[in-house]
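Participant: dropping the sequence and predicted coords here.
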Amino acid sequence: MWPCLLLALALLGTVPASHPGGQGGEGAQGSARCQPMPVPQRYCQDVYRGQLASVHSAARNQELQKLARTYTIIAPWIGAVTSCKAGRWESHWEDSSPWNYANWAPIHPGHIVTTCTTLSTRDGLWRSRFCLQLRPFICQY
């Protein structure tokens, strides 16, 4: 059974996935730190007692794409973050669930700075974006 989903748009407008100033300067290996998802993540937790959506199958990805497309043409944030850990780039879910599915667009995720992830309403592919971009987001609870 899928958790309940909510596309947070109507009352909030769009929000960045990170507070302004959340990205630090670049380190020696070109990896910047990003405090991922505090604004939408906190809203999902505080208001709905949930998390940003994690995606673990093609069926779930399609369900979220269809939901998002119903309300917006802007690709919403989902709960994936790509960052450099111990010298390796890796993606992980903000809710700490297993990373067992990915639907990245070609050349994504980016491996220059820590990035947050959007779900395209047009093609369902994921794209890494700077966490400060203003976007709607999908909560699961």
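Facilitator: Yes, it's here.

Participant: now do the phi/psi pair for Thr121.
Facilitator: When read as degrees, to the nearest 10, the backbone of Thr121 gives phi -70, psi -20.

Participant: burial of it, as a residue count?
Facilitator: For Thr121, the count of nearby residues is 20 (other CB atoms under 10 Å). Backbone N, C-alpha and C define where each C-beta goes, glycine included.

Participant: in what helix or strand does the residue lying closest to it once chain neighbours are set aside lie?
Facilitator: Once flanking residues are discounted, Thr121 sits nearest to Arg69: 4.2 Å by CB to CB, 6 or more residues apart in numbering. Per DSSP states H and E, Arg69 falls inside helix 58-71.

Participant: starting at the chain centroid, how far to that helix?
Facilitator: Its chain's average C-alpha position is 14 Å from that of helix 58-71, according to CA atoms, centre = their mean, to the nearest Å.

Participant: just the CA coordinates for that helix, please, in CSV.
Facilitator: Written as CSV, here are the backbone C-alpha positions of helix 58-71 (Å, rounded to 0.1, in the frame of the first residue of the first chain):
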residue,chain,number,x,y,z
ALA,A,58,8.6,2.8,-12.0
ALA,A,59,4.9,2.5,-11.1
ARG,A,60,5.4,4.9,-8.1
ASN,A,61,7.4,7.3,-10.3
GLN,A,62,4.5,7.3,-12.9
GLU,A,63,2.0,7.9,-10.1
LEU,A,64,3.9,10.9,-8.8
GLN,A,65,4.4,12.3,-12.3
LYS,A,66,0.7,12.1,-13.0
LEU,A,67,-0.1,13.7,-9.6
ALA,A,68,2.3,16.5,-10.2
ARG,A,69,1.1,17.1,-13.8
THR,A,70,-2.4,17.5,-12.5
TYR,A,71,-1.4,20.6,-10.5
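
Participant: now for that helix, which elements pack on it?
Facilitator: strand 5-8, strand 115-119, strand 137-140 (3 or more CB pairs under 8 Å, 6 or more residues apart in numbering; DSSP states H and E).
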